[in-house]
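**Q** Could you work out the structure for the sequence below:
(one chain, ligands or ions: 1)
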Amino acid sequence: MINVSVLGYGTVGSGVVEILRENADLIAKRAGEPIQVRSVLDLRDFPGDPVQDIIVHDFEQVRSDEKIDIVVETMGGVHPAYEFVKAALESGKSVCTSNKALVAEYGPELLQTAQEKNVNFLFEASVGGGIPIIRPLKISLAPDEILEISGILNGTTNYILTEMTQNGSDFDSVLKDAQEKGYAEKDPTADVEGYDACRKIAILTSLAYGKQLDFEEIYTEGITKITDRDIAYAKKLGAKVKIFGSSKKTGDRVSAMVAPKLIFPSHPLYSVDGVFNAILVKGNMVGDVMFYGQGAGKLATASAVVSDIIDEAKHVNVNMKTLWDAEKLSLTPLDEVVSKFFVRIKGGKEAAEKAFGAITPVDAGYPDEFAFVTEAVTEGAFAEAAQSLEVINRIRIDG
Ligand code: HSE
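**A** Got it, this is the predicted structure:
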């Protein structure tokens, strides 16, 4: 019997308990022995809930319980999640978590502690919700050098951009509607400004290259400046606007970015719409592989957490080494990253050509502005050329 304690009985934590109960028999077969929830840590009580008798309010009751083999952290936030996870690992318990903020900030340290204590620290649910991506990146793609990761890593923003594209609505009204339907948080900042996707691409890139990429180092741009006019131009170009978390290896150097991009129907992620997430990984041997599914939601995310519980149950007293050192991964400076840009300006063709040379005009029927696509330029050269123009908006083009 493997005993589990769940820290935080919110959406994901209660989903973990539900899956362990609903699928108990098949999970026991796959794990090699039954898995039982021994305690649930939460500030609240849950009268009438199946966990009402195993609720504890003090983490010390979890840490000091020698019968607990695995601690499941589904509290969210960095503190006190970090302190609890660290203490659980130091007490010789394996930990799995859905907490991307915790993993992005403390991943290498917690992996090191797990290794020293011969236990495991797993975090499949921290990126892409129910989509298996961490384990494939660590294990299935281990033979490959990773050349590129491109992900639609945030369901809220993908839903908003999809609605704007399909209904021609503006950002503010789609966001309001998404909040009313419960698809977007009351405070949507972390999603719409790209901070959520930033932590996710930081985790994936760190795992791909085995070194710590600090999320603060990643250039991050959200979708709040995308307007219905941008979407109309995208349609005119036969493209869609999607926000990507991406990283790319060129020679010895790695670049990373979170930003809205225009993509065309030939792009593998073109038809990933609504709240769905997808991640495209290019390996130097395997080629392109793509992972698609629900990036959020109670049971999808909890399913990924339970996959870690099963893995840990199968590896008692065996540390599964994860290559993610504390050594920093240094990025190609943003100024040197190359893209084509779609640009809207106040002004006309001559001004655009004077600044950028060869351009391709785009007409979506707005006489009060001029829009065009540049040739491939570095970010630095783009910024310099754009200085002479009154830029309304610009969106990078992928492909
Ligand atoms: N807020 C996130 C999203 C949920 O919209 O994708 C999971 O990180």
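**Q** okay, CA-based contacts and neighbour counts for the rest of this
**A** OK.
**Q** Buried residues in the helix or strand bottoming out on mean pLDDT in the chain, which are they?
**A** Averaged element by element with mean pLDDT, DSSP states H and E, the chain has its least confident helix or strand at helix 171-180 (a mean of 94). Neighbour-count burial for helix 171-180, counted by 16 or more other C-alpha atoms under 10 Å, picks out 171, 174-175, 178-179.
**Q** before we move on, what about stretch 182-199?
**A** 183-184, 191-199.
**Q** possible to save those residues as TSV with secondary structure?
**A** TSV is the format used below for these (DSSP: H, G, I helix; E, B strand; the rest coil):
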residue	secondary structure
Tyr183	coil
Ala184	coil
Asp191	helix
Val192	helix
Glu193	coil
Gly194	coil
Tyr195	helix
Asp196	helix
Ala197	helix
Cys198	helix
Arg199	helix
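**Q** just the residues you listed that are near the ligand?
**A** Restricting those to those touching the ligand (C-alpha under 6 Å from any ligand atom) yields Asp191.
**Q** will you turn the buried residues of stretch 182-199 into a markdown table that also has pLDDT and distance to Val37?
**A** A markdown table is the format used below for the buried residues of stretch 182-199 (pLDDT from 0 to 100; distance: C-alpha to C-alpha, whole Å):
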| residue | pLDDT | distance to Val37 |
| --- | --- | --- |
| Tyr183 | 82 | 30 |
| Ala184 | 89 | 31 |
| Asp191 | 97 | 32 |
| Val192 | 98 | 36 |
| Glu193 | 98 | 37 |
| Gly194 | 98 | 35 |
| Tyr195 | 98 | 33 |
| Asp196 | 97 | 30 |
| Ala197 | 98 | 31 |
| Cys198 | 98 | 33 |
| Arg199 | 98 | 30 |
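**Q** Rebuild the buried residues of stretch 182-199 as JSON lines, extending it with distance to Gly283.
**A** Compiled in JSON lines, the buried residues of stretch 182-199 are given as follows (distance: C-alpha to C-alpha, whole Å):
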{"residue": "Tyr183", "distance to Gly283": "33"}
{"residue": "Ala184", "distance to Gly283": "33"}
{"residue": "Asp191", "distance to Gly283": "28"}
{"residue": "Val192", "distance to Gly283": "30"}
{"residue": "Glu193", "distance to Gly283": "29"}
{"residue": "Gly194", "distance to Gly283": "25"}
{"residue": "Tyr195", "distance to Gly283": "26"}
{"residue": "Asp196", "distance to Gly283": "25"}
{"residue": "Ala197", "distance to Gly283": "21"}
{"residue": "Cys198", "distance to Gly283": "21"}
{"residue": "Arg199", "distance to Gly283": "22"}
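**Q** Which residues does the closest residue in space to Leu237 that isn't next to it in sequence form beta bridges with?
**A** Closest residue in space to Leu237, ignoring its immediate chain neighbours: Val362 at 7.4 Å, by C-alpha to C-alpha, 6 or more residues apart in numbering. Residues in a beta bridge with Val362, per DSSP bridges, are Ala371.
**Q** what separates Val362 from the ligand, distance-wise?
**A** For Val362, the distance to the ligand (C-alpha to the nearest ligand atom, to the nearest Å) stands at 32 Å.
**Q** and the stretch 51-200 of the chain, which residues reach the ligand?
**A** Close to the ligand, as judged by C-alpha under 6 Å from any ligand atom, the stretch 51-200 of the chain has residues 154-156, 191.
**Q** what does the average pLDDT come to for stretch 278-290?
**A** Averaging pLDDT along stretch 278-290 gives 98.
**Q** Any chance you could list what contacts that stretch?
**A** 128, 133, 141, 143-153, 268-269, 272, 291-293 (C-alpha atoms under 8 Å, 6 or more residues apart in numbering).
**Q** do that stretch and the ligand meet?
**A** No: shown here: stretch 278-290 not in contact with the ligand (C-alpha under 6 Å from any ligand atom), separated by at least 10.9 Å.
**Q** Now do that stretch: distance to the chain's middle.
**A** Stretch 278-290 sits 17 Å away from the centroid of its parent chain (C-alpha atoms, centre = their mean, to the nearest Å).
**Q** Please list the residues of the stretch 201-350 of the chain that sit near the ligand.
**A** Counting by C-alpha under 6 Å from any ligand atom, the stretch 201-350 of the chain sits next to the ligand at 295-296.
**Q** and of the buried residues of stretch 182-199, the nearest to Ile70?
**A** Proximity of the buried residues of stretch 182-199 to Ile70 was ranked by C-alpha to C-alpha; the top entry is Arg199 with 24.8 Å.
**Q** Can you give me every residue that contacts the closest one?
**A** Arg199 neighbours (C-alpha under 8 Å, 6+ apart): 100-101, 104, 215.
**Q** Derive a ChimeraX selection command for the buried subset of the residues you listed.
**A** Of the contacts of Arg199, the buried ones go into a single ChimeraX selection, burial set by 16+ other C-alpha under 10 Å:
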select :100,101,104,215
